[in-house]
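> This is a predicted model, with the sequence first.
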Amino acid sequence: VPSDIRYEDLVITRSEHIQVKPKLDATTLRFGAVYSDHMLQASWREELGWTAPSIDPLSSVSLHPCAQVLHYAVQCFEGMKCYKGKDGRLRLFRPDMNMDRFAHSADRLTLPQFDKVELLECIKELLRIERDWVPDEEGFSIYIRPLLIFVTHPFLGVCPTREAMLFVILSPVGPYFPSGLKPIKLYVETQNGRAFPGGVGDTKIGGNYAPTLLPQLNGTQLGCSQVLFVLQDGNPGGGLVGESSSMNVFFLIQQDGENRELELVTPPLDGLILPGITRDSVLTLARGFGNMKVSERPLRFNELEGAAENGRLLEVFGTGTACMVQPVMGLVMKDQTEIVVPFNNEAAEYWLAKPPGTAGLPHSSAGEPLSVCGR
Ligand code: COI
């Protein structure tokens, strides 16, 4: 029987080069640019199963140029976070959901399955070793990136996975966007799609991210930090609102009827949308508030435009592990017309009131590059 990942088999080799930890300043600590000293890794072969997992000094990976991941993008990943509380304890945010989603993405690409509980135990050990890397300031955390790749021996045919490698790396982070948690603008992309019916929009695979780069670049030129994908599905109504390249999206709309009911809307998990863990958390919290209707339903762009035109689009925000809850202040079309969104929400106010350099508002965000890579 091929072996599975087991915590009790974990082999630990400590790094001799412990780096200086970065200063927790949102102006200098760019998302995903600094990594901790160690990584977790394991390999898998069809006939043998998983090797013993190990924690080793962070190092580069050597791959044959014909490794399948490099050609056919057979890989999936996760984004999880761990926080250090005021009591000094480390707390993972709903990691069982990440493990489930990781397994779902892997399954879709024939990447190997793994014991989710045991893998999580190994990740916890990595975090214990790197506990000094976990930030203890509000708005900062350590971002955990599990990655699973298909590395079969040189073979260019397209075939199911025979050999794979798993890595988990850690990166101390603050806000995802260089402008901090200040409200951002989204570029409305109606031509280049992110997901389509029957596709893989509900998986966390690299292939869902690469095609967002061109729209992202176009959006950056119009002052937008991210893209909002609107799918032209041939039905009337201006297209189906989907998600952003790295966030699920929420809209607070005041209904037109007599009682002006508030409705918080996000697109449903219909196979086109990534089942975000922050999305799920926001839905659960909002349902608990009891002061608004909370809907997972298809949303057409014309409805949004209509609501904005008569002042009923009250709030827009994105959610994601990396971006947390990100206020949005505008939806910009290709012809540069803009739906201006009020951002009179408490989250935005809270962060705007924070001193420069904290997670909320960097010193010199005005005029700074807006996109993550600084373009
Ligand atoms: C995450 O939110 O964890 C993601 O993977 C998004 C990624 C673009 C940073």
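It's in.
> how about the residues of the stretch 201-350 of the chain that lie near the ligand?
246, 320-322 (Cβ under 6 Å from any ligand atom). C-beta here means a position set from N, CA and C on the backbone, and glycine is covered the same way.
> Can you lay out those residues as CSV showing secondary structure, distance to residue 288 and pLDDT?
Below are those laid out as CSV (DSSP: H, G, I helix; E, B strand; the rest coil; distance: Cβ to Cβ, whole Å; pLDDT from 0 to 100):
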residue, secondary structure, distance to residue 288, pLDDT
246, coil, 26, 94
320, strand, 21, 97
321, coil, 21, 97
322, coil, 25, 96
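> so what's residue 115 up against?
By Cβ atoms under 8 Å, 6 or more residues apart in numbering, the contact list for residue 115 reads 4-6.
> Can you tell me how far it is from residue 226?
Applying Cβ to Cβ, to the nearest Å, the value for residue 115 to residue 226 is 35 Å.
> so which pair among the residues of the stretch 201-350 of the chain next to the ligand is furthest apart in space?
Maximum pairwise distance among these (Cβ to Cβ): 9.1 Å, between 246 and 321.
> Give the other helices and strands that the strand or helix carrying residue 314 contacts.
Using DSSP states H and E, residue 314 sits in strand 313-320. Applying 3 or more Cβ pairs under 8 Å, 6 or more residues apart in numbering; DSSP states H and E, one finds that strand 313-320 contacts strand 248-254, helix 277-289, strand 324-332.
> Between these, which one is closest to residue 308.
Short answer: strand 324-332, nearest of the helices and strands packed on strand 313-320 by Cβ to Cβ, at 8.0 Å.
> which residues touch that closest one?
175-177, 181-188, 219, 222-224, 228, 247, 249, 278, 282, 304, 315-320, 338-343, 345, 347-348.
> Can you check what pLDDT the model gives residue 245?
Residue 245 is assigned 89 on the pLDDT scale.
> Backbone dihedrals for the residue of the stretch 151-300 of the chain found nearest the ligand, both of them.
The nearest approach of the stretch 151-300 of the chain to the ligand comes at residue 246, 3.4 Å away (Cβ to the nearest ligand atom). For residue 246, the backbone dihedrals (degrees, to the nearest 10) come out as phi -130, psi 20.
> do you know how far the nearest residue to it once chain neighbours are set aside is from residue 132?
Excluding its sequence neighbours, the residue lying closest to residue 246 (Cβ to Cβ, 6 or more residues apart in numbering) is residue 320, at 5.5 Å. Per Cβ to Cβ, residue 320 is found 26 Å from residue 132.
> swap in residue 298?
Distance from residue 298 to residue 132, by Cβ to Cβ: 46 Å.
> Settle it for me: which of these two has more neighbours?
For the pair residue 298 and residue 132, the greater number of neighbours falls to residue 298 (16 against 10), based on other Cβ atoms under 10 Å.
> For that one, give me its contacts.
240, 267-268, 270.
> follow-up on the earlier one: buried ones among the contacts of strand 324-332?
The neighbour-count criterion (16 or more other Cβ atoms under 10 Å) marks 175-177, 181-188, 219, 222, 224, 228, 247, 249, 278, 282, 304, 315-320, 338-339, 341, 343, 345, 347-348 among the contacts of strand 324-332 as buried.
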